[in-house]
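J.: task: produce atomic coordinates for the following.
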Amino acid sequence: MRLIDALEGLVFEAVGLTATALAEFAPATDLTLPQWRALVIVTRADGIRIGEVGGRMGMALPSASRLIRRLERRGLVATERDARDRRATIARPTPACIELSAGLAAHRRRMIGEILDRLAAPLQPELATDLELVGDALGEYR
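T.: This is a model prediction of the structure:
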């Protein structure tokens, strides 16, 4: 189906755009895409169990724990024991993480704006509404 192919291509290219934006905006951070994904999950939740981060990323708890520990050593994530379940650990974004996230988002939005400006034909205003609906539906996989 043409729509599914187009959306799949869009998602694929968006990952490439994010990787490029990350390399351009914060080359010194040397963050991988999985590390970036973990930071996005932690930042959006502002307090999430490491096991849930792993679940959203499709990785086992030990792998997620190692990933979060690496981000914690870089000063991007802070962890604490879950008060309700002392066996679990909660990850929260640090101010450095929030600053990095905001800066990268702004850089990526500029890149997207430049791409849209280069399109020969103007996009229909309804496309934004349609893409928002698709994005909301895809949100269940966050």
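
J.: show me the shaky parts of this structure.
T.: In the predicted model of the chain, residues 120, 142 satisfy pLDDT under 70.

J.: show me where it has its helices.
T.: Along the chain, counting by DSSP state H, helices occupy 2-25, 33-45, 50-57, 61-73, 95-118, 125-138.

J.: I figured His107 hits Ala23, correct?
T.: No: between His107 and Ala23 there is no contact under C-beta atoms under 8 Å: 10.6 Å. C-beta coordinates here come from the backbone N, C-alpha and C atoms, glycine included.

J.: those two: which is more packed in?
T.: More crowded of His107 and Ala23, by other C-beta atoms under 10 Å: His107, with 16 against 12.

J.: now do the contacts for the nearest residue to the more buried one once chain neighbours are set aside.
T.: Nearest non-adjacent residue to His107, counting by C-beta to C-beta, 6 or more residues apart in numbering: Phe25, 4.2 Å away. Neighbouring residues of Phe25 by C-beta atoms under 8 Å, 6 or more residues apart in numbering: Gly103, Leu104, His107, Arg108.

J.: go again using 10 Å as the cut-off
T.: Neighbour list for Phe25: Leu100, Gly103, Leu104, Ala105, Ala106, His107, Arg108, Arg110, Met111 [criterion: C-beta atoms under 10 Å, 6 or more residues apart in numbering].
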